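>>> Need the 3D shape of this:
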Amino acid sequence: MMSKIKLNKKYRPLLYDRTRYNIIYGGRGSSKSFGVTTYLILKMLEQGNVILFTRYTMTSAHISIIPEFVNKIELLGLESLFEITKTEITCLTSGSKIMFRGIKTGGGIQTASLKSIADVNLWVCDEAEEIVSEEIFDTIDLSIRTKTKFNKVILIFNPTTKESWIYQKFFEDKGVEPGLNVINDDTTYIFTSYQDNLKHLEQSFLKQIEKMKIKNPKKYNHVIMGGFLDKAEGVIFSNWGIGEFNDELEFGFGADFGFSKDENTLVKVAIDRKNELIYLDEKLYTPGLVTSELYDIYKLECSNKLIVADNAEGRLIEEIKRKGVNIKPCTKGAGSVAEGVTLMQNYRLIVTKTSINLIKELNNYIWNDRKSGTPIDMYNHLIDAARYYISDQLKKPKVSKFRIR
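Predicted structure coming up:
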């Protein structure tokens, strides 16, 4: 019965415990899920494996994921060996099991409860591109440390952009070119595309791919061939470029606050209403700063220029203001984010070349819900800071040059 499933040879390195990290990536129709699901069933036939299978958001695993495992178990004729519930699959002969969990729940990010699961030696992070930060990944990764078994982490994902933490951690930092099947240090890279799975794909799907290849080669290379984008598709701000800051214009600053996880940010802003230009220069992008440190930075960078800051930190703003800094809270309300974004879209944004983090945000700031005007709540710390100042200034009425007597 086992011969009914043939594992693509590209996935065979998974069968050997060689590296801690195993990167499974590629485009649509590349059989990533099929290959990993088959491997995990074989892994459960071994004695004593405890497998954690996560997605960033997971509801009803018995509807969305477990049926894939049931299908492979049936193809292998092994139904009698497994006990299946809504959240777990257990092999009755070996004692190995897979637990299906979501990282994000209604109550927030549950990395604390996931890392406390005992004796996990294999973590499968499915749809890993949805994990918003390396910190979340690291929290679970560092808990995979069972002494009695080889510890392995498998990331399955469709490539997003070169600004993603996955690209930076596993490709850029390791000097690995995407699209290769190689072993580099502690990481195995398994790349597949639809071309590795042709005999299992329907003809109409293949025809659509060929049309896309001709009409939209950029989309073909990203979605179908699994290439990383330089920047995200559908970014909110495409109206920007690199240039010098115009210090001849009146300028001020926008500030956003963070602490342990989010960055404190400060952006120098000048608005040229006549030529419809906004100049932006990143001045601060650092977490973990206390009031006295922020005060010192504001005094050094801003002199007595106006700072418009996040109004969620009223006490912090007041403390800094009492020390002599020209700072005030921004105005927020229903629709204020969308309104501020629209104001910024009506101008050409000129960004200094040293504004590295701001450039990263502009390349990755996309809509979460375009219809309601809701952007994603990430890649926005500097953009929000700039928006506070820009909204404050552009919503002010223009002062007439003429005096009415």
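
>>> For this protein, which residue occupies the most central location?
residue 132 (3.6 Å; Cα atoms, centre = their mean).

>>> any weak-confidence spans in the stretch 251-400 of the chain?
260, 396-400 (pLDDT under 70).

>>> For stretch 346-360, buried residues please.
Counting neighbours by 16 or more other Cβ atoms under 10 Å, one finds that the buried residues in stretch 346-360 are 347, 349, 350, 351, 352, 355, 357, 358, 359, 360. Backbone N, C-alpha and C define where each C-beta goes, glycine included.

>>> about what we covered before: residue 378 is in contact with the residue nearest to the centre of the chain, correct?
Yes - contact criterion Cβ atoms under 8 Å: residue 132 and residue 378 qualify, at 5.4 Å.

>>> ok, back up a step: from the buried residues of stretch 346-360, which land in helices?
357, 358, 359, 360 (DSSP state H).

>>> out of the residues you listed, who's nearest residue 7?
Using Cβ to Cβ, residue 360 is the member of these that sits closest to residue 7, with 38.3 Å.

>>> Not counting its neighbours along the chain, what's nearest that closest one?
Ranked by Cβ to Cβ, 6 or more residues apart in numbering and with sequence neighbours excluded, the top spatial neighbour of residue 360 is residue 163, at 5.2 Å.

>>> ok, that neighbour to residue 393 distance?
Going from residue 163 to residue 393 by Cβ to Cβ, to the nearest Å gives 29 Å.

>>> Could you do residue 366 as well?
25 Å.

>>> give me the beta-bridge partners of residue 229?
residue 161 (DSSP bridges).

>>> tell me which element the residue nearest to the centre of the chain falls in.
Following DSSP states H and E, there is no helix or strand that holds residue 132.

>>> Verify the contact between residue 179 and residue 227 for me.
Yes - under the criterion of Cβ under 8 Å, residue 179 makes contact with residue 227 at 7.3 Å.

>>> neighbour-wise, which of these two wins?
residue 227 (18 against 15; other Cβ atoms under 10 Å).

>>> Which of the three states applies to the residue nearest to the more buried one when sequence neighbours are not counted?
Nearest non-adjacent residue to residue 227, counting by Cβ to Cβ, 6+ apart: residue 221, 4.5 Å away. Assigned with DSSP: H, G, I helix; E, B strand; the rest coil, residue 221 falls in the helix class.

>>> what's the answer for residue 297, then?
Classification of residue 297 by three-state DSSP places it in helix.

>>> Quick one: residues contacting the residue nearest to the centre of the chain.
56, 378 (Cβ atoms under 8 Å, 6 or more residues apart in numbering).

>>> hey, what's the closest residue in space to residue 119 that isn't next to it in sequence bridged with?
Distances taken as Cβ to Cβ, 6+ apart put residue 50 closest to residue 119, at 4.7 Å, once the chain neighbours are dropped. Under DSSP bridges, the beta-bridge partners of residue 50 are residue 97.

>>> Relative to residue 36, how far out is residue 50?
Look at residue 50 and residue 36: by Cβ to Cβ, they are 17 Å apart.

>>> For the stretch 101-250 of the chain, just list every one of the strands.
108-109, 122-125, 152-157, 183-184, 187-192, 240-242 (DSSP state E, counting those that start in this stretch).

>>> Deepest-packed of the ones you listed, please.
Most buried of the strands of the stretch 101-250 of the chain by mean neighbour count (mean count of other Cβ atoms under 10 Å) is strand 122-125; its value is a mean of 24.

>>> who does it pair up with?
Using DSSP bridges, strand 122-125 pairs in its sheet with strand 50-57 (parallel), strand 152-157 (parallel).

>>> Any chance of a markdown table for the ones you listed, columns distance to residue 109?
As requested, the strands paired with strand 122-125 are exported to a markdown table (distance: least, Cβ to Cβ, whole Å):
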| stretch | distance to residue 109 |
| --- | --- |
| strand 50-57 | 9 |
| strand 152-157 | 18 |
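
>>> Going by mean pLDDT, which of those strands comes out lowest?
Lowest mean pLDDT within the strands paired with strand 122-125: strand 50-57, a mean of 94.

>>> CA atoms of that one as PDB?
Only the C-alpha atoms of strand 50-57 are listed here, as PDB (Å, rounded to 0.1, in the frame of the first residue of the first chain):
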ATOM      1  CA  VAL A  50       6.100  15.000  19.200                       C
ATOM      2  CA  ILE A  51       5.200  17.300  16.300                       C
ATOM      3  CA  LEU A  52       3.800  20.800  16.500                       C
ATOM      4  CA  PHE A  53       2.100  22.000  13.400                       C
ATOM      5  CA  THR A  54       1.200  25.700  13.400                       C
ATOM      6  CA  ARG A  55      -0.200  28.400  11.200                       C
ATOM      7  CA  TYR A  56      -0.200  32.000  12.200                       C
ATOM      8  CA  THR A  57      -4.000  31.900  12.200                       C
END
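
>>> Just the buried residues of it, please?
Applying 16+ other Cβ under 10 Å to strand 50-57 flags 50, 51, 52, 53, 54, 55, 56 as buried.

>>> which among those residues gets closest to residue 143?
residue 52 (9.2 Å).

>>> Tell me if I'm right that the closest one and residue 99 touch.
Yes - between residue 52 and residue 99 a contact is recorded at 5.5 Å, counting by Cβ under 8 Å.

>>> what do the two both touch?
With Cβ under 8 Å, 6+ apart as the test, residue 52 and residue 99 both reach residue 117.

>>> how far is stretch 103-111 from where the chain is centred?
Computed by Cα atoms, centre = their mean, to the nearest Å, the chain-centroid distance of stretch 103-111 equals 16 Å.

>>> Numbering from 146 from now on, please.
Sounds good: first residue 146 from here, last item stretch 248-256.

>>> what's the span of it from first residue to last?
Terminal residues of stretch 248-256 lie 6 Å apart, using Cα to Cα, to the nearest Å.

>>> Now do it: everything it contacts.
So stretch 248-256 is in contact with 199, 200, 201, 202, 203, 246, 247, 259, 276, 281, 284, 285, going by Cβ under 8 Å, 6+ apart.

>>> Need these in a markdown table (columns: distance to residue 412).
Formatted as a markdown table, these follow (distance: Cβ to Cβ, whole Å):
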| residue | distance to residue 412 |
| --- | --- |
| 199 | 36 |
| 200 | 35 |
| 201 | 29 |
| 202 | 32 |
| 203 | 37 |
| 246 | 39 |
| 247 | 35 |
| 259 | 36 |
| 276 | 27 |
| 281 | 26 |
| 284 | 30 |
| 285 | 33 |
